[in-house]
Every structure is written in structure tokens, then in C-alpha cells.
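>>> okay, structure incoming, though there's no sequence with it:
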């Protein structure tokens, strides 16, 4: 993994017998010392303390990022870093920091600053749209993602974000004691009274909106929500995405929940809150009557042709929910695809479409032969609520597959290699087997997913039918606990525990459909809002309903094998196909793992709950990993690769080209052990030479890598010294003359100025420009400005939004201004984008001293 012993202090070092209690005790001691990152062989453990780790602790991520870029695997151009753990264990938190470290260690290019800025603001935008407060995590990411970094050499050439959006039902029915997505609460807190009137939501808060009132109260203060909204608006603007268009859709989604259909006395459908229907239609650019018709009428194809009939109240309200989910998910996807166009690099961009164009949303081409790709996979954490829905089934199933992949890579592949090479593996543990549960859920011919898809697409299927079939088909499985009596719930024994699922929710959420009568409402001829009309492009060829069901998820996000027949597939079927593609990508890459654990279940900062952590240690096979790293062979190379990489390390003198053979490899390793002062009697547990491969323990591998790195550094220093000596001798005559001339010139003072004055003049040449540009005018310093955000962001805030500040100059720190505090006269360096220009000075004498009361000077450019 990391070459050398520099990270030795970050590794798990145990003394005494190896037990779960010993591992737990060591991790707790490190946690108390502020060390939340710990290496176990090639696996990095992170314990979420629910607070920002120290700078020293985060340096581990710097080493990991450097390894991903520097340590190119033999014969592979792809690496994958996989984050896994239960919900609330800090996977996304750690992944975000690791991704930023990748930007800091790579070579800079002409467009690097734009790329980094676009990445930072895109994280702000997507976090608000894809995160929500759950029981176990107040900032839970409800979208899985795989971020692909494409490198040429050590320079980033393009980045792509692949998002896997799961939690659709949260939009219309948040689970008990949980919330909908963060963005809705931020919008309601951040809109001004004028903006509320513009977006038809003047009289609403989260308590009066049906979709939001089902969840719990926001955990953040109004001021915090407003700050988040301002940051989100600013980030959206920097991405070039029209704020008004996005806000119209998001507010319409919130208001849709208040449009309720019910059956009147004459058996006809009536609308409760008809004014809300009018407001939604106005925001979406369609007529209210057309929207009502789309939600309450259905088209059918019969022997007599196409006919229409009225829906029941329940069906109409279901169509309303489907429309809300469709608008939100497709808007998020459109934003995500726009972000990807900005992360491709100048040579890969095109421009058209609503946020951009359909063409600009095309998938990235395959990596070129001279490119390396780093995949960062941050998927959903294992979830276990009182009663769980389709989202939890998908999350836990994908978690089972990732866990199976980990066990396969870490243990079984190495054991199989040892047996094939007729080498004693030195470790014969038995990590848990996830395969029975994976087959129960996802077997292609007889799995639960296949059965759910069939039943979902069948007409008039009921929850009772599903309950009976589940009992009959899976009752004999050791991982399945059938429904008891007339209960609509069943349970599955996952590797992390027993989880109860609700049959009705599985069937309802798996449909993932929206009637084409609703889609037809937004055809380009009738919809005056181009952004919304584009969200439905391609769903109807001529804009006329034909009695078919479309998909909530846009066709370009469905799996390629299903895109042409999307009405014949269900949600979980697409998820299965897409996730299988993710696994195929991982199998083609060199994988590395970050195992995340939460320190407690109450999200209390700095508290270590031994019971909670111990359960995760056992469920995530961490104890088996520690046992394997300390007692087994963790690395292997072919004989040729070993000789090529470590030949210079295992000999004390230069040797001619060696004929590779098992005997030569053994001699090299014996020499190395002798050079390290080791005992030959320990050779059997340090390495083993097979027929074509050599196997090494973790200790041996790190010692070899450390010695190799020291040799390389020493050789580099010798080479540099000779090159510098050559260059110095070559250029010494010219350098000697230049030095003599500069000495003579420095001895003669400049005409009309002293030496000190000359120094001052030369120093002034490096002073930053003394003005800013505002609407084609130069505005000189000093200036009056208004604070847009509080600063500093955390701790005791010195400056708050709306404060008038006196700016005396630019800072020597790039992107900062020097603010003079009126209270103390001290100078504070404030980010430029935290302020906005105020051309009129304040009237309050308390905010301005006599020396400071001067207007900014403007001059035409």
C-alpha cells in the first residue's frame, strides 16, 4: 500500500493475544488520542467521531490520495477506492475530503482552477438536493455515487460523477421521525418575502405543506438554513444554472402535495385547494385545466380504439405523487449532467439544451490508452429501521454485494492463489459468507427481485398475492423469515443483522411509473416553460397519450439493455443491471478499501460507544482482517515482477541481469532478511516462493518497499548532485561576470533617491493592484462593503451578514481583502466573495472614523 514506514504511527499495532476486545481497546485508545484513521494492512479504518478530524489525522488521506495517483498497479490503468460501512459512519464525509486531496496533489493545468472551483460548488449543490435527516444520521446522503477521475500522467484531464438516486418515496412520504431533502427546508427559510410572492408560496412553511409536514421538524436553526440556501444559490450561479428555473420546479413539487383530489357527492372528482393547483400550473408553465385533466383522466387502448375515462381519487392522488417524483428526480439528473459537462475539460464540452443540451449530456468516452482512471465509490450505508421499504432493500442488497466483493478480494482470492501455487497460506480463517443472501434477493431466475418485477408489471396484483408467493418460494431459505399470519411484513437475515420489510411498499415503489396522460401535459407545444418541457423530451413521440406507462427515471439513466423497452421494466430491475455494471468496473480495477464505523448511535461528538463499535467490527469482518494481516500472506507478485521491482533492494552490490527462477527469488529474499538482521528460521512466516509467484507477509512487504524507497531517494540525490555540478561548471563563466556587474551596480545609488528609497520602489513593484472592477469601473481602495456571509464560518463570528466593513486594501493572500475592524482597529483577512461592494459610505459615526470617511473613487476603464 503506502511505501515505507512513514505511516507506521497510523497502523494498528497490537500486543498480546489477538481478540475482538484487544482490537476494540486499541481503536478506542487511538480514538481518544484524536486518531480516527487506522491502517490495517491495505485497508483504512475510519471511526466517525461526528466532528472534524485534526489536521494530523487528515494527513492520512493525503497519503492515500498520493498512493492512488502515484502507485500505478502493474498492467492496470484503473484503480478503485471503495467506501463501505453502516449508515451514519461518515463515508460521504471522508470521501469528500479524499476527493479534495486528489486535487491538491495533482499537476496543475490551464483549466485546473476552473475544474477545482466547479467541483467544490457542485458538491454544495448536489448535497442539498440529495441529502436528508434520518433517524441515524442528521445529514444522510440519499444518493450513491461513483466519481471517475481521469489522469494523464499526474494531471487530471476530466472528471465524471455517476449518481444512483434511490430514495424516491421520501419526496412524497418521509419515513417517521425523518425529513425530506434538505433543499426544501433551505428554500423556505431562505426566500425573501418578494421571492415568496413570485414563487406562489407566501403563506407556506414546512408545517402547511403536506409533503414536508409528514416528517419531523428541521434540526437546524432558521439562520443556518438561510446560510445554506445562500451558499446553494451562489454555487448554482457559478455553475451557470438558472436559479429561477430550478426554484420554480422545486417549489411546484412542494405545492403539489397540497393538491388533493376527492370524490364529491355526485361521484365526480373535486379538488381540495384549487388555488394550489393553479399556482403549480403557473409555475410549470401549463394551464390548470390541462394539468387537472392529465392527473385525473386515463387513456386506454381497446378494440374500439383509444378511449379515455376518469380516474378514482386514489389513482389521481397517486398520479400527483408520481409527477412530483418525476419533476424532482429529472431536475436533479439534469443538474448532475450539466455539472459533468463542466468537469470534462475544454476539449470535451459542447453547449446546448435547457441547462445545456441533450448532446452535452452524452456519456464520457472510454478512457484512452494513455489515461489512468481512479474510481471513488461512495455507496449507501446499511440501514435497519423498524419497517423498511424498497429503498432499504436496494441499499442493503448493494451493501451485501460490496461486502461479498471485499471478502472475495481480501481473503478468498489470496487463499486460492496460495493453493494454486502449492503454498501453505499461513491463515485459514472463515469470514462470513454473503452469497446466500445475495442469491435470495438477486438470483436471475428465482430471486426476490425477479419475482417482484414480474408481480409489479402484472395487472391487478395485490400485497396478499406477494405475501403468499414469498412464503412459497423462499420459505426454505436460511436467510428468509416469512410473514407471520396475515402480516404484510417479512424479514431477511443480512450480514449486519435482521431487517424487516413491508410488502405493500415494495410493490408500490417498484412500479416507478407515470401515466403518459400526465407526460402529455408537458409537451413542447402546450408547455410554455422550456426547462420543464425538456425534462419530458423523448417520452412521447408526438405528444399524444396512448394509454402507456412511462418511467419516472429518465430513459438515459436506465440501463442500456432496458432503455428501448422501459415500460416493461421495474425500478429495482434497472438498479440491479446498473449495479452489476458497477461491480464489473470494480473487478477490472485494482481495489482499495476504506471501512467506516460510527463511534456511537446518538451522533454525539467525541463519544466512543464500545458496544456499537464492537458490533461493527464483527459485522464488517474487521477482526478477521486484522488476524489475516498479522498471520497470513497479504501480497504476491510474479517472479519476474518481484525481481524487476526488488532486485536492487535485496543485494548489496550491483549484479548482472538475473535469470528469473524460484531459486533466484529465494536467494534474493534470504539476502534481504540477512541484511535486515532477521533469523532464517522465521523465513517461512515472512515469505513463500511458489511455482510462478512469491507471497509475502505485510511486515516483509513494507520492509521491502521502505528499503526500495530509501534507495530511490538516495539515487535521486546522487543524480541531482552530478547534474547540478555539471550545470554549475558549464554556466560559471557567465555567472561570474553577472555577479561582478550586480555588485558594481548595487554600490552606486540611484539618481535622486537613497538606497532605502530604491528598495521601497522595488518592493512596490510586487504590491497587488489597488483597485477592484465594478461594472466597467475601477473602484479604488479604501472601499465600503457589505458582508454576505458570516466570517469566520465557525466559532465566535466577528462579522455577520449585513455588517458594513471598511476595506483598506487587497490582501497578500490570493482572493482575500484586508478589513479594518471599527471596534478594535485590527486588520482581518476576509475572502473576497464573502463581501459585496457598497458605493455609499455609512452614515453612522460609530462605524467610521474621520480618517475613514471617504467615498470609493471610481474611474472609467
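In hand now; what should we look at? As the structure is a prediction and not an experimental result, all values here were calculated from the model.
>>> could you point out which element follows the lowest-mean-pLDDT helix or strand in the chain?
Ranked by mean pLDDT, DSSP states H and E, the helix or strand of the chain with the weakest confidence is helix 755-764, at a mean of 39. Per DSSP states H and E, helix 755-764 leads on to strand 771-774 as the next helix or strand towards the C-terminus.
>>> which secondary structure elements does that following strand sit against?
Other elements packing on strand 771-774 under the criterion 3 or more Cβ pairs under 8 Å, 6 or more residues apart in numbering; DSSP states H and E are strand 777-780. Just so you know, the C-beta spots here come from the backbone N, C-alpha and C atoms, and that holds for glycine as well.
>>> pull out the buried positions in whatever helix or strand comes next after the strand it packs on.
Downstream of strand 777-780, the next assigned helix or strand under DSSP H and E is strand 783-787. Buried positions in strand 783-787, judged by neighbour count with 16 or more other Cβ atoms under 10 Å: 783, 784, 785, 787.
>>> direction included, what does strand 783-787 pair up with?
Counting by DSSP bridges, the strands paired with strand 783-787 are strand 804-810 (antiparallel), strand 835-838 (antiparallel).
>>> deepest-packed of those, please.
Counting by mean count of other Cβ atoms under 10 Å, strand 804-810 has the highest mean neighbour count of the strands paired with strand 783-787, with a mean of 19.
>>> give the next helix or strand downstream of that one.
Immediately after strand 804-810, counting by DSSP H and E, sits strand 816-820.
>>> got a pLDDT number for residue 766?
The model reports residue 766 with a pLDDT of 40.
>>> sorry, wrong one. I was asking about residue 750.
44.
>>> what of residue 105?
pLDDT, read off for residue 105, is 86.
>>> specify the angle between the helix or strand hosting residue 830 and strand 783-787 in degrees.
Element membership for residue 830 (DSSP H and E) is strand 827-831. Comparing the axes of strand 827-831 and strand 783-787 via axes from the mean of the first three to the mean of the last three Cα atoms, to 10 degrees yields an angle of 60 degrees.
>>> helices along the stretch 301-450 of the chain, start to end?
When assigned using DSSP state H, counting those that start in this stretch, the helices of the stretch 301-450 of the chain occupy the ranges 313-342, 390-407, 413-420, 435-442, 448-457.
>>> may I see the buried residues of the first one?
For helix 313-342, burial by neighbour count (16+ other Cβ under 10 Å) applies to 315-342.
>>> same deal with the third one?
Of the residues in helix 413-420, 414, 415, 417, 418 count as buried by neighbour count, 16+ other Cβ under 10 Å.
>>> which of these lies at the shortest distance from residue 823?
residue 414 (64.5 Å; Cβ to Cβ).
>>> surely the closest one meets residue 636?
Yes: at 7.2 Å, residue 414 and residue 636 qualify as touching, with contact defined as Cβ atoms under 8 Å.
>>> so where's the longest helix in this protein?
helix 698-747 (DSSP state H).
>>> for that one, packing partners?
Partner elements for helix 698-747 (3+ Cβ pairs under 8 Å, 6+ apart): strand 633-638, helix 639-646, helix 662-675.
>>> in CSV: the ones you listed, plus mean neighbour count and distance to residue 155.
Shown next, in CSV, are the helices and strands packed on helix 698-747 (neighbours: other Cβ atoms under 10 Å; distance: least, Cβ to Cβ, whole Å):
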stretch, mean neighbour count, distance to residue 155
strand 633-638, 21, 29
helix 639-646, 17, 25
helix 662-675, 17, 36
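>>> just tell me which of the ones you listed ends up closest to residue 723.
Per Cβ to Cβ, nearest to residue 723 of the helices and strands packed on helix 698-747: helix 639-646, 25.4 Å.
>>> centre of the chain to the closest one, how far?
Centre-to-centre, helix 639-646 and its host chain are 37 Å apart (Cα atoms, centre = their mean, to the nearest Å).
>>> and that helix, what does it pack onto?
Going by 3+ Cβ pairs under 8 Å, 6+ apart, helix 639-646 lies up against helix 662-675, strand 693-697, helix 698-747.
>>> cutoff 7 Å now
In terms of contacts (3 or more Cβ pairs under 7 Å, 6 or more residues apart in numbering; DSSP states H and E), helix 639-646 is packed against helix 662-675, strand 693-697.
>>> the first one: how far from the chain's middle?
Relative to the centre of its chain, helix 662-675 is centred 45 Å away, using Cα atoms, centre = their mean.
>>> if we can go back for a sec, lowest-confidence stretch among the helices of the stretch 301-450 of the chain?
Note on the helices of the stretch 301-450 of the chain: helix 448-457 shows the lowest mean pLDDT, a mean of 83.
>>> where's residue 771 relative to residue 244, distance?
According to Cβ to Cβ, to the nearest Å, residue 771 stands 33 Å off from residue 244.
>>> tell me which of these two has more neighbours.
residue 771 (17 against 10; other Cβ atoms under 10 Å).
>>> so that one versus residue 810, what's the distance?
9 Å.
>>> over to residue 81?
Distance from residue 81 to residue 810, by Cβ to Cβ: 39 Å.
>>> now swap in residue 320 and tell me
54 Å.
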